[in-house]
Structures are given as structure tokens and as C-alpha cells.
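> Attaching a predicted model along with its sequence, questions to come.
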Amino acid sequence: MDFVTLVGIALGLAMDAFAVSIASGVAIKYLKIRHALRIAFSFGMFQAVMPIIGWLSGSGLRDIISNVDHWITFGLLTLIGCKMMYESNRLESKKKNRDPLNLYVLFLLSIATSMDALAVGITFAFLRISILTPVAVIGGITFLLSFAGVFVGGRFGHFFEKKIEIVGGLILIGMGIKILVEHLT
């Protein structure tokens with residue numbers, strides 16, 4: 001997988017965390033750098049660990065389904081992308097009046113925003129992609145976008161949230177199509 005595709009997938013996956021970071025920035029009354037670092041570290045770490053879990057799970061299956069792995073990759077990325085776009089209209093349920101700095105709430109938000117990365121990790125195993133570089137890129141991009149998202153939320157509020165989720169979904173669908181076309185040609 002080329003680096004541009006990997007960055008595209010990482011950006012698509014990070015949009016969920018970015019949108020929730022914006023909502024978190026809105027919810028924090030006295031925003032400080034340490035608050036943004038805490039949220040960004042948690043989201044970035046979970047976004048990096050989940051593909052490893054998916055990759056380990058998918059590695060055991062890849063020999064069985066190697067003839068259709070590109071179709072599965074396309075299907076998973078398309079489903080994840082569509083799910084993100086669908087959920088962009090449901091962002092209100094993600095940001096109930098809960099403190100995003102509370103460890104329990106932050107843990108739940110981190111898991112919720114990284115479940116898509118688990119499925120992407122499975123597709124990396126099917127495509128026989130080494131997991132170390134993708135994990136570093138996905139975790140790093142998620143960290144940076146989440147860090148920025150907290151401050152965007154604190155400054156600009158709700159203006160961007162739904163649009164970010166839609167863009168992330170479209171990026172993942174586009175990457176799925178690109179992978180499918182590359183394997184079919």
C-alpha cells in the first residue's frame with residue numbers, strides 16, 4: 001500500500017475522533033493544553049491499538065479468503081464510510097452533557113471512535129500489509145487531529161462537526177474503491 005493511500009485511510013479514520021474532539025472542546029469550560037493532550041493521547045492510542053487487534057485477528061483468516069480479500073476490504077471500508085456519514089446526523093447523541101476529561105467517559109469515547117480502526121486492521125491483514133507503519137501513521141494523525149479538534153471545538157463550537165464526519169466517510173469509501181480497482185486491474 002502506498003503512503004498516500006495510508007494517509008488517506010488514517011485521515012478517514014481520524015475524522016470520528018476529530019468530530020468527538022470538537023464536541024469535547026465545546027464541553028470543557030476552562031480549556032487548557034493538558035486537556036487537549038489527554039484527549040488526543042487517548043484517542044491516538046486507541047486508534048493505533050485497534051488495527052493491531054484487527055490485524056492479528058485477520059491474519060488467521062487471510063489464507064482462507066485470499067481470493068476475495070480485495071472485495072472484503074472494499075466492502076468493509078465502504079460500510080465504515082457509510083456508517084460514518086449516517087452517524088454524522090446523530091452526533092447529538094455522542095455529546096450528552098458528560099465530562100470528556102472523566103477517565104470513564106474518555107475511555108468509552110476512545111473505544112467508540114476507534115472501532116472502525118479494528119475493521120481496517122482486519123483488511124490490512126487480508127492485504128498482507130505490515131502493521132507497524134499503518135499503526136504509527138493512524139495513531140499519529142489521530143493524535144494531531146484530536147489535539148487540534150479540542151481547540152477548534154473550544155473556539156468555534158458546532159459549525160464543523162457534521163461536515164467532518166461526512167468527509168471522513170467519503171475518504172474511506174474512496175480508499176475502498178481505489179484498493180478494489182488496483183486489485184482488479
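Thanks, I have it.
> rest of the way, CA atoms for contacts and neighbours
Fine.
> Give me the helix or strand of the chain that scores worst on average pLDDT.
Using mean pLDDT, DSSP states H and E, helix 91-94 stands out as the lowest-scoring helix or strand of the chain, at a mean of 51.
> what's the next secondary structure element after that helix?
helix 103-126 (DSSP states H and E).
> Identify the residues contacting that following helix?
Helix 103-126 is contacted by residues 13, 16-17, 20, 39, 42-43, 46-48, 50-59, 61-62, 65-66, 69-70, 72-73, 76-77, 80, 98-100, 130-131 when judged by C-alpha atoms under 8 Å, 6 or more residues apart in numbering.
> after it comes which helix or strand?
Later in the chain than helix 103-126, the nearest helix or strand by DSSP H and E is helix 132-156.
> Give me the angle between that following helix and helix 103-126.
Helix 132-156 runs at 140 degrees relative to helix 103-126, counting by axes from the mean of the first three to the mean of the last three C-alpha atoms, to 10 degrees.
> Show me what helix 132-156 is packed against.
The elements that helix 132-156 packs onto, with contact taken as 3 or more C-alpha pairs under 8 Å, 6 or more residues apart in numbering; DSSP states H and E, are helix 3-27, helix 33-59.
> Where among those helices is average confidence lowest?
Lowest mean pLDDT within the helices and strands packed on helix 132-156: helix 3-27, a mean of 87.
> So for that helix, what gets flagged as buried?
Across helix 3-27, burial judged by 16 or more other C-alpha atoms under 10 Å covers 5-6, 8-27.
> Cheers, nothing more for now.
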